[in-house]
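fold the following for me, if possible:
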Amino acid sequence: MAEKTEAQKRAQKAYMEKFAVARVRMERETYEVVQAHAEAHRESVNGFINRAIGETMERDMEKESL
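Predicted coordinates for the structure are as follows:
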């Protein structure tokens, strides 16, 4: 694979600066279950966790508005 150009490196850095990193610790066995679930739904572990967080927050807000 060819090395990235300086412009590509700057573009990737600018893109990554839009994100914050949150580390999640879990038992390895739990992670394997999460990973298998994500793969079964054709998404990454990161994508699944973000979706789960978003859906939970939506549900919580609906409960609060009742």
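
which residues are contacting the one helix or strand residue 39 maps to?
Under the criterion of DSSP states H and E, residue 39 resides in helix 28-40. Here helix 28-40 makes contact (CB atoms under 8 Å, 6 or more residues apart in numbering) with 26, 44, 45, 47, 48, 49. In short, each C-beta sits where N, CA and C put it, glycine included.

burial measure for the nearest residue to the second one once chain neighbours are set aside, as a count.
In other words, residue 44. Nearest residue to residue 44 in three dimensions, chain neighbours excluded: residue 38, at 6.2 Å (CB to CB, 6 or more residues apart in numbering). Residues contacting residue 38 under the criterion other CB atoms under 10 Å number 18.

cool, the one 5 residues further on as well?
In terms of burial, residue 43 registers 14 neighbours under the definition other CB under 10 Å.

helix, strand or coil for it?
The local conformation at residue 43, judged by DSSP: H, G, I helix; E, B strand; the rest coil, is coil.
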